[in-house]
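Visitor: Mind folding the following:
(one chain, ligands or ions: 1)
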Amino acid sequence: MPNDASFAIERPLRGERMWGFIEKVFPICRSITGDGLRQTLAAIADDLPIRLHEVPTGERVLDWVVPKEWNIRQAWIRGPGGEEVVDFANHNLHVVSYSVPVRAEMSLSKLRPHLYSLPEQPDLIPYRTSYYRERWGFCLPHRILEDLPEGTYEVLIDSTLEDGALSYGEILIPGQLEDEVLLSCHACHPSLANDNLSGLAVCKSLAEELLERSDLRYSYRFLFLPGTIGAITWLARNQDRLRIRHGLVAANLGDSGAFHYKRSRRSDAVIDRTVEHVLAETGVEHAIEEFVPFGYDERQYCSPGFDLPVGCLTRTPWGRYPEYHTSADNLDFVSTAALLESLDLYRRVVNRLEEGLDLDKRVPSVLVKTPHNRQEGRFYLNLAPKGEPQLGRRGLYGSLGGDSGRDPEMALLWVLNMSDGSHDLADIAARSAIELPRLEHAAAALVEAGLLELLSGPKPAAVR
Ligand code: ZN
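Guide: Sure, this is the predicted structure:
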């Protein structure tokens with residue numbers, strides 16, 4: 001059985017392969033559908049025999065529908081003197097992902113609502129998306145935006161939004177058991193290195209290693225898919241044959257920050273204990289956090305209708321580094337050393353799961369639960385418990401993505417995720433640290449939208 005010592009010889013090579021992959025696919029303009037996503041999956045398929053899936057536009061997936069496919073050829077803004085203001089050819093973050101086509105001349109005041117910048121980080125280009133509402137926009141450094149003169153601007157976005165398909169890649173590496181370990185990563189961000197490509201690189205390398213092994217007990221399923229809609233699509237198509245015993249969502253694995261483990265919704269699943277043991281015994285700097293119903297695709301796998309034992313193992317979590325969702329999350333921001341350390345950690349987790357050690361005792365935790373009286377609680381039931389319901393189309397969710405400051409929506413996500421009939425609003429307030437009135441407001445809006453039902457009392461928890 002390969003151990004850490006035999007892998008040590010190959011470490012430099014593995015590091016080079018991960019780095020080389022990231023460098024190769026970094027320039028590609030990815031989105032939740034389209035040719036950029038396909039090219040990225042094809043680059044993975046060059047090294048790893050993943051199966052490529054194409055799910056047609058319009059297919060119903062849980063509460064969602066596979067969207068139209070988006071592709072873009074060119075986009076630019078020219079100023080009053082014909083000068084180039086921004087050009088998609090220079091950086092694919094310049095265009096709001098899923099922008100509808102436009103060719104027009106307009107004044108600066110007409111153009112201005114379509115421009116996005118970061119006043120606090122005036123030299124960086126932000127990353128913005130608009131998947132579920134048709135609009136167009138450009139992203140640019142605030143320093144350039146501030147200096148734009150009055151006059152007539154010419155804008156072009158040569159994109160298409162039409163019936164096509166949603167692509168994802170999948171590989172199942174069989175072990176002795178049909179029970180599966182899920183490794184899932186998102187592949188839908190354009191030129192962003194840490195939030196996107198580092199997860200793909202580590203998962204790809206780990207899968208390559210596991211393919212070489214003949215001693216696996218568990219079967220390992222790797223998913224390379226667009227965030228949210230990809231996981232929802234996969235769950236919709238596989239919900240009747242789920243064999244996931246343990247799972248991890250992989251992202252943000254190339255920066256130099258400490259490791260962070262976000263527990264599954266269950267909080268005490270074997271995967272939670274295993275990762276916490278491995279982090280403790282390796283002695284790397286790390287933090288353990290409780291589940292919250294936002295973040296990456298763990299929010300889908302851990303929706304109450306599935307409640308799979310899937311945690312999220314990252315270095316610095318999303319939104320907590322200044323480079324996050326900006327042009328500074330580039331090739332300079334990720335290092336081979338960090339990627340290798342992340343791969344080593346994931347391999348240790350796999351080996352621990354394979355050993356199936358007695359993990360009844362979890363490592364001491366500093367997390368505390370707040371006790372409260374639940375006698376008079378209000379218990380709700382999520383009526384669309386599989387995956388997240390699509391809040392945007394019901395007017396409950398902001399439609400411009402990429403920005404991490406979306407506090408008003410957190411209350412909705414918490415109420416939906418915890419409303420399995422066994423947690424009342426006070427439980428949810430304790431878990432989420434959101435004040436009860438905000439949760440009451442969110443619950444009322446969800447009842448109004450037909451997504452939530454008030455129960456007369458607690459419902460017995462489902463048997464796992
Ligand atoms: Zn992201």
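Visitor: switch to C-alpha atoms for all contacts and neighbour counts from now on
Guide: Fine.
Visitor: max-length helix in the protein?
Guide: Scanning the chain for the longest helix, with DSSP state H as the assignment, gives helix 4-25.
Visitor: by how many degrees do the helix or strand following that one and helix 4-25 diverge?
Guide: The first helix or strand that comes after helix 4-25 along the chain, using DSSP states H and E, is helix 35-47. Here helix 35-47 runs at 150 degrees with respect to helix 4-25, directions being taken by axes from the mean of the first three to the mean of the last three Cα atoms, to 10 degrees.
Visitor: one step back: mind checking how far the longest helix of the chain is from the chain centre?
Guide: Mean-position distance between helix 4-25 and its chain equals 24 Å (Cα atoms, centre = their mean, to the nearest Å).
Visitor: I'd like to know which elements it is packed against.
Guide: Under the contact criterion of 3 or more Cα pairs under 8 Å, 6 or more residues apart in numbering; DSSP states H and E, helix 4-25 touches helix 35-47, helix 199-211, helix 336-355.
Visitor: What residues sit buried inside whichever helix or strand comes after the longest one?
Guide: Sequence-wise, the next helix or strand downstream of helix 336-355 (DSSP H and E) is strand 379-382. Buried residues in strand 379-382, counted by 16 or more other Cα atoms under 10 Å: 379-382.
Visitor: and if you look at stretch 314-333?
Guide: 314-318, 323-331.
Visitor: For residue 45, state which of the residues you listed is nearest.
Guide: Taking Cα to Cα as the measure, residue 331 is the one of the buried residues of stretch 314-333 closest to residue 45, at 21.9 Å.
Visitor: residues touching that closest one, list them.
Guide: Remark: with contacts taken as Cα atoms under 8 Å, 6 or more residues apart in numbering, residue 331 is in contact with 22-23, 26, 193.
Visitor: quick one: the residue nearest the centre of the chain and residue 311, what's the gap?
Guide: The C-alpha lying nearest the average C-alpha coordinate of the chain belongs to residue 296 (Cα atoms, centre = their mean; 3.0 Å). For residue 296, the distance to residue 311 (Cα to Cα, to the nearest Å) stands at 10 Å.
Visitor: Same question for residue 125.
Guide: Residue 125 is 31 Å from residue 311, where distance means Cα to Cα.
Visitor: try residue 422
Guide: Noted for residue 422: a distance of 21 Å to residue 311, by Cα to Cα.
Visitor: Tell me which of these two has more neighbours.
Guide: Comparing residue 422 with residue 311 by neighbour count (other Cα atoms under 10 Å), the higher total belongs to residue 311, at 31 against 16.
Visitor: List the beta-bridge partners for the more buried one.
Guide: With DSSP bridges applied, residue 311 shows beta-bridge pairing to residue 248.
Visitor: List the contacts of it.
Guide: Per Cα under 8 Å, 6+ apart, neighbours of residue 311: 247-249, 261-265, 271-272, 291, 298.
Visitor: Contacts only, for the closest residue to residue 140 other than its chain neighbours.
Guide: For residue 140, the nearest residue in space outside its immediate sequence neighbours is residue 125; the separation is 4.8 Å by Cα to Cα, 6 or more residues apart in numbering. For residue 125, the set of contacting residues under the criterion of Cα under 8 Å, 6+ apart consists of 93-94, 117-118, 139-142, 326-327.
Visitor: Could you tell me what pLDDT the model assigned to residue 125?
Guide: At residue 125 the predicted local confidence, pLDDT, stands at 98.
Visitor: What separation do you get for the closest residue to residue 256 other than its chain neighbours and residue 132?
Guide: With sequence-adjacent residues excluded and distances taken as Cα to Cα, 6+ apart, residue 256 is closest to residue 338, at 5.9 Å. Here the criterion is Cα to Cα. By it, residue 338 lies 35 Å from residue 132.
Visitor: Residue 177 - how many residues pack around it?
Guide: Burial measure for residue 177: 11 neighbouring residues, criterion other Cα under 10 Å.
Visitor: my guess is it contacts residue 219, does it?
Guide: Yes - with contacts defined as Cα atoms under 8 Å, residue 177 counts as touching residue 219 at a distance of 6.2 Å.
Visitor: sorry, back to before: between residue 338 and residue 132, which is the more surrounded one?
Guide: More neighbours sit around residue 338 than around the other of residue 338 and residue 132, counting by other Cα under 10 Å; the figures are 19 against 16.
Visitor: Export the buried residues of strand 379-382 as TSV, with columns for distance to residue 241 and pLDDT.
Guide: Compiled in TSV, the buried residues of strand 379-382 are given as follows (distance: Cα to Cα, whole Å; pLDDT from 0 to 100):
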residue	distance to residue 241	pLDDT
379	30	91
380	28	93
381	24	95
382	22	96
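Visitor: Closest to residue 207 out of those?
Guide: Within those, the smallest distance to residue 207 is 35.7 Å, found for residue 382 (Cα to Cα).
Visitor: which residues touch the closest one?
Guide: 416-417, 419-421, 451-453.
Visitor: all helices in this protein, in order from the N-terminus.
Guide: Along the chain, the stretches classed as helices by DSSP H are 4-25, 35-47, 108-111, 142-146, 199-211, 229-238, 270-282, 298-301, 336-355, 407-418, 425-432, 436-448.
Visitor: looking at those, which one has the lowest mean pLDDT?
Guide: Of all the helices of the chain, the minimum mean pLDDT falls on helix 4-25 (a mean of 82).
Visitor: Would you mind listing the buried residues in that one?
Guide: Buried residues in helix 4-25, counted by 16+ other Cα under 10 Å: 11, 14-15, 17-19, 21-22, 25.
Visitor: Same check on stretch 196-213?
Guide: Judged by neighbour count using 16+ other Cα under 10 Å, the buried positions of stretch 196-213 are 196-207, 210-211.
Visitor: Reformat these into a markdown table and put distance to residue 107 next to each item.
Guide: Below are these laid out as a markdown table (distance: Cα to Cα, whole Å):
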| residue | distance to residue 107 |
| --- | --- |
| 196 | 36 |
| 197 | 38 |
| 198 | 41 |
| 199 | 42 |
| 200 | 42 |
| 201 | 44 |
| 202 | 46 |
| 203 | 47 |
| 204 | 47 |
| 205 | 50 |
| 206 | 52 |
| 207 | 52 |
| 210 | 57 |
| 211 | 57 |
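Visitor: So which of these is the closest to residue 146?
Guide: In terms of Cα to Cα, no member of the buried residues of stretch 196-213 lies closer to residue 146 than residue 196, at 30.1 Å.
Visitor: Contacts only, for the closest one.
Guide: When contacts are counted by Cα under 8 Å, 6+ apart, residue 196 is found next to 185-189, 251-252.
Visitor: so what sits against both of residue 296 and residue 311?
Guide: For the pair residue 296 and residue 311, residues contacting each of them under the criterion Cα under 8 Å, 6+ apart are residue 249.
Visitor: ranges for the strands of the stretch 51-200 of the chain?
Guide: Listed from the start of the chain, the stretch 51-200 of the chain has strands (DSSP state E, counting those that start in this stretch) covering 51-56, 60-61, 64-65, 69-78, 84-87, 102-107, 115-116, 138-139, 152-162, 165-173, 180-186.
Visitor: so what does the last one touch, helix or strand wise?
Guide: Which is strand 180-186. By contact count (3+ Cα pairs under 8 Å, 6+ apart), the secondary structure elements abutting strand 180-186 are helix 199-211, strand 219-225, strand 244-250.
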